[in-house]
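Asks: no sequence for this one, just the structure:
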C-alpha cells in the first residue's frame, strides 16, 4: 500500500511517515542508494484536494455562521479530510527522481572474447604473441 520504493535503485527509500513530510519542492536522499528522491508534484497536489476543499469551505463561511455546532462540524471535517489526504499521499503519490541516475555499462570481462573480430584490439592492431 505504501509506495516508498526508490525510483533509482528499487529498494525501500524511506519510512512512510517521512514521505508524508516530503513536499513536492523538497528532496531527500534514499537510505539505500543515497540518491535524491522527491514526490510527483501533480499527484501530490491532487492528494491534498480533500483538505484544501474543507479549508475553502471554512473560509467561504467565515463570519456567516456563528453556531458552535457548525464549528465542531468543520473541525470534524478537517480531521477526516486530513486522514483522507494522508492515505492518498501514501498510497497514490509515487516517489520521483530528483537527480539523474547514471547507469554504467559493464566493461569487457576477463577471460571473455571481444567483438573485434579476433586477434586485434579495437583499433585493428594485432595483439603481441605471448
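Replies: That came through, no problem. These figures come from a predicted structure and were not determined experimentally. Residues are numbered from 1 along each chain as shown.

Asks: Now the terminal residues of stretch 8-28, how far apart.
Replies: End-to-end distance for stretch 8-28: 13 Å, by CA to CA, to the nearest Å.

Asks: could you give the mean pLDDT of that stretch?
Replies: On average, the pLDDT along stretch 8-28 is 88.

Asks: Same question for stretch 45-61.
Replies: On average, stretch 45-61 scores 89.

Asks: which of the residues in it are buried?
Replies: By 16 or more other CB atoms under 10 Å, the buried positions in stretch 45-61 come out as 47, 48, 50, 51, 54. C-beta here means a position set from N, CA and C on the backbone, and glycine is covered the same way.

Asks: just stretch 87-99 next, same as before
Replies: Here stretch 87-99 shows 88, 89, 90, 93, 95, 96, 98 as buried, counting by 16+ other CB under 10 Å.

Asks: and if you look at stretch 31-42?
Replies: Buried, per 16+ other CB under 10 Å, within stretch 31-42: 35, 36, 37, 38, 39, 40.

Asks: In strands, which of those fall?
Replies: 36, 37, 38, 39 (DSSP state E).

Asks: related to what we said a few turns ago, which of the buried residues of stretch 31-42 are the two that sit furthest away from each other?
Replies: Taking CB to CB, the two most distant members of the buried residues of stretch 31-42 are 35 and 40; they sit 16.3 Å apart.

Asks: now the residue nearest to the spatial centre of the chain: how far from residue 60?
Replies: The centroid of the chain falls nearest to residue 95 when counting by CA atoms, centre = their mean (1.2 Å). To residue 60, residue 95 is 35 Å away according to CB to CB, to the nearest Å.
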